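Asker: Just a sequence and a predicted model for now, questions to come.
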Amino acid sequence: MSKPTEAFPLSWPMGWKRTPAWERSRAKFGKRTFVDRGINADGQQMGRHAKGQLSIGQGTERVLKVLEQMGYNQSVVISSNLMLRNDGLPRSGQRAPDDPGVAVYWGTGRQARCIAVDRYDRVADNLAAIAATLEAMRAIERHGGAAILDRAFTGFTALPSPEQPWQVLGLATSKPTREEIDEAYRKLAMQHHPDRGGDPQAMARINAARDDLYGRLCPT
């Protein structure tokens, strides 16, 4: 990738369309587990297989497994709005984020790729959707379609992540206070305001970043 991609917060790839919240749906991904009903009179185990909701850990495992099978066991970044474990992967057992989107980046240099999904209302299910997409592409490769697979993957080239508003203002955190936003904005405005000989486009970019951060502090 041309520059490091953040695992947290969500780093959505440039040019990929977002799914509005009201269009997201509940997925049918899940993990089958055996519900033990004990032993019957004939000494046979009783029970049934039930399908439960997929967990964050299970969704992450699916993505990593198929990428490893495709030969990508390094340079994998799973980006979402979930806090991270010590190993940099999404942590289970936390409150579901308002934005359940997931973007997976893998490979380096000219082979850098990404897939992003936000059509489902759970992070785990969007992870599972990415894994299913990768598995389908892997099936093409297994059946001798290496050239077709390579052409298909050109649509998943990892472009630079869009610049975040807090980065535009030179802030060190993605969740600054209003005071931090104002201070950073004043410093940049003194340098780039057109009345001081600055670039109008640069000032417009700074204004947009400030307004975006204000909106996150006081959503309407």
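Answerer: Sure, I can see it.
Asker: Now do the same for residue 158: its pLDDT.
Answerer: Predicted confidence (pLDDT) at residue 158: the value is 54.
Asker: Sorry, wrong one. I was asking about residue 194.
Answerer: In this model, residue 194 carries a pLDDT of 83.
Asker: With just CA atoms, put stretch 68-85 into PDB.
Answerer: Extracted as PDB, the C-alpha positions of stretch 68-85 are listed here (Å, rounded to 0.1, in the frame of the first residue of the first chain):
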ATOM      1  CA  GLU A  68      -3.500 -17.600   4.100                       C
ATOM      2  CA  GLN A  69      -4.700 -20.300   1.600                       C
ATOM      3  CA  MET A  70      -4.200 -17.700  -1.100                       C
ATOM      4  CA  GLY A  71      -0.600 -17.200   0.000                       C
ATOM      5  CA  TYR A  72      -1.100 -13.900   2.000                       C
ATOM      6  CA  ASN A  73      -0.200 -14.600   5.600                       C
ATOM      7  CA  GLN A  74       1.500 -11.200   6.100                       C
ATOM      8  CA  SER A  75       0.700  -7.500   5.500                       C
ATOM      9  CA  VAL A  76      -3.000  -8.100   6.300                       C
ATOM     10  CA  VAL A  77      -4.900  -5.200   7.900                       C
ATOM     11  CA  ILE A  78      -8.500  -5.600   9.000                       C
ATOM     12  CA  SER A  79      -9.900  -2.100   9.400                       C
ATOM     13  CA  SER A  80     -13.100  -1.400  11.300                       C
ATOM     14  CA  ASN A  81     -14.500   0.800  14.100                       C
ATOM     15  CA  LEU A  82     -13.800  -1.900  16.700                       C
ATOM     16  CA  MET A  83     -11.100  -1.500  19.300                       C
ATOM     17  CA  LEU A  84      -8.100  -3.700  18.700                       C
ATOM     18  CA  ARG A  85      -6.400  -6.600  20.500                       C
END
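Asker: Show me what that stretch is in contact with.
Answerer: With contacts defined as Cβ atoms under 8 Å, 6 or more residues apart in numbering, stretch 68-85 is touched by 5-12, 56, 60, 63-64, 67, 88-91, 94, 97-108, 123, 127, 134, 138, 141. Placement of C-beta: from N, CA and C, glycine included.
Asker: how does the protein divide into domains?
Answerer: 21-156, 165-217 (automatic domain parsing).
Asker: would JSON lines of those with mean neighbour count be doable?
Answerer: Output for those, formatted as JSON lines (neighbours: other Cβ atoms under 10 Å):
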{"stretch": "domain 21-156", "mean neighbour count": "16"}
{"stretch": "domain 165-217", "mean neighbour count": "15"}
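Asker: among those domains, where is the model least confident on average?
Answerer: Among those, domain 21-156 scores lowest, at a mean of 78.
Asker: can I get the CA coordinates of the longest helix seen in the chain in PDB?
Answerer: Determined from DSSP state H, the single longest helix within the chain is helix 123-142. The C-alpha trace of helix 123-142 is given here as PDB (Å, rounded to 0.1, in the frame of the first residue of the first chain):
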ATOM      1  CA  VAL A 123     -19.200  -6.300  11.700                       C
ATOM      2  CA  ALA A 124     -18.900 -10.100  12.000                       C
ATOM      3  CA  ASP A 125     -21.200 -10.600   9.100                       C
ATOM      4  CA  ASN A 126     -19.400  -8.100   6.900                       C
ATOM      5  CA  LEU A 127     -16.200 -10.000   7.700                       C
ATOM      6  CA  ALA A 128     -17.900 -13.200   6.700                       C
ATOM      7  CA  ALA A 129     -19.000 -11.600   3.400                       C
ATOM      8  CA  ILE A 130     -15.500 -10.600   2.600                       C
ATOM      9  CA  ALA A 131     -14.300 -14.100   3.400                       C
ATOM     10  CA  ALA A 132     -16.900 -15.600   1.200                       C
ATOM     11  CA  THR A 133     -15.900 -13.300  -1.700                       C
ATOM     12  CA  LEU A 134     -12.300 -14.200  -1.300                       C
ATOM     13  CA  GLU A 135     -13.200 -17.900  -1.200                       C
ATOM     14  CA  ALA A 136     -15.200 -17.600  -4.500                       C
ATOM     15  CA  MET A 137     -12.100 -16.000  -6.100                       C
ATOM     16  CA  ARG A 138      -9.900 -18.700  -4.700                       C
ATOM     17  CA  ALA A 139     -12.200 -21.300  -6.400                       C
ATOM     18  CA  ILE A 140     -11.500 -19.600  -9.800                       C
ATOM     19  CA  GLU A 141      -7.800 -20.000  -9.100                       C
ATOM     20  CA  ARG A 142      -8.200 -23.700  -8.200                       C
END
